[in-house]
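A.B. asks: Just need the structure, nothing else, for what follows:
(chains A and B)
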Amino acid sequence: ETGVTQTPRHLVMGMTNKKSLKCEQHLGHNAMYWYKQSAKKPLELMFVYSLEERVENNSVPSRFSPECPNSSHLFLHLHTLQPEDSALYLCASSQKWLDGNQPQHFGDGTRLSIL
Amino acid sequence: AQSVTQLDSHVSVSEGTPVLLRCNYSSSYSPSLFWYVQHPNKGLQLLLKYTSAATLVKGINGFEAEFKKSETSFHLTKPSAHMSDAAEYFCVVSSNTGGFKTIFGAGTRLFVKA
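C.D. replies: Residues are numbered from 1 along each chain as shown, chains lettered A, B, ... in the order given. Below is the predicted model:
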């Protein structure tokens, strides 16, 4: 039990579909993160939310739309994705944004495949 | 500016022999340093962290790392490898000052041979 739960674990979708990834943390943390992990590439930070406010958006295409309704839940809405978006999407949380002393706690990810 | 370099993309050891995974960092400020492990189809799990206390840090599963400021290194070691240690390992540098940033290394894949 990592304290960060991601659903679904696997997702296959066509380029015209709309789907959402869900992340839930049970750790009482105030910051939540979306990362993209592709083969042979370093981990890419996509979005950061602190107390439900988006505080970082690293030039992510608009076909990815995050939502943070409360400090325990984070969504990533997907629309009109491209084959190069196939990857493992990881959610993480930490006690506080802008506190580099605190580690991040990761979920097991959603493996996304775009047909 | 901050950066982190994992010097080996792959390391292969025999079971029961020592493990050394190398990490060099660059930071203009006093950094925090972390090692994470990722097993197949899993998220990243924290192994250990250094946050300006003791320079030799002990982590889970028998791993430890030593912070060497003069060498700007934070290498991960384990005296005796186990088959279950086969995974990918990430070195991470983070700092609160000079603009908050967390930088992940590219990862080192550890193979353990029977």
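A.B. asks: Around chain B, which positions in chain A sit nearby?
C.D. replies: A:2, A:4, A:6, A:42-43, A:45, A:90, A:92, A:97-101, A:103-109, A:111 (C-beta under 8 Å from any C-beta of the partner chain). The way it works is simple: take the backbone N, C-alpha and C, and place the C-beta from them, glycine included.
A.B. asks: Could I have the buried ones of those residues as PyMOL selection syntax?
C.D. replies: Selection of the buried residues among the residues of chain A next to chain B in PyMOL, burial being defined by 16 or more other C-beta atoms under 10 Å in any protein chain shown:
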select buried, chain A and resi 2+4+6+43+45+90+92+97+100+101+103+104+105+106+107+108+109+111
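A.B. asks: can you tell if the helix or strand of chain B with the lowest mean pLDDT touches chain A?
C.D. replies: Taking mean pLDDT, DSSP states H and E as the measure, strand B:101-104 is the helix or strand of chain B with the lowest mean score, a mean of 85. Yes: Strand B:101-104 comes into contact with chain A (C-beta under 8 Å from any C-beta), by way of B:101-102, B:104.
A.B. asks: In the chain, what residue spans correspond to strands?
C.D. replies: Assuming you mean chain A. Ranges of strands in chain A, per DSSP state E, are A:4-7, A:10-13, A:18-25, A:31-37, A:44-50, A:53-57, A:64-70, A:73-79, A:87-94, A:105-106, A:110-114.
A.B. asks: oops, chain B please
C.D. replies: Using DSSP E, strands in chain B cover B:3-6, B:10-14, B:19-21, B:23-26, B:32-38, B:44-50, B:56-58, B:64-68, B:73-78, B:87-95, B:101-104, B:108-113.
A.B. asks: Any chance of those strands in a markdown table with mean neighbour count and distance to A:Thr16 as columns?
C.D. replies: A markdown table is the format used below for the strands of chain B (neighbours: other C-beta atoms under 10 Å in any protein chain shown; distance: least, C-beta to C-beta, whole Å):
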| stretch | mean neighbour count | distance to A:Thr16 |
| --- | --- | --- |
| strand B:3-6 | 18 | 39 |
| strand B:10-14 | 14 | 39 |
| strand B:19-21 | 18 | 43 |
| strand B:23-26 | 19 | 43 |
| strand B:32-38 | 24 | 32 |
| strand B:44-50 | 21 | 32 |
| strand B:56-58 | 14 | 49 |
| strand B:64-68 | 18 | 47 |
| strand B:73-78 | 21 | 44 |
| strand B:87-95 | 23 | 33 |
| strand B:101-104 | 20 | 32 |
| strand B:108-113 | 16 | 36 |
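A.B. asks: rank those strands by pLDDT, which is bottom?
C.D. replies: Sorting the strands of chain B by mean pLDDT places strand B:101-104 lowest, at a mean of 85.
A.B. asks: Mind listing the strands it pairs with, and their directions?
C.D. replies: Sheet pairing of strand B:101-104 (DSSP bridges) gives strand B:87-95 (antiparallel).
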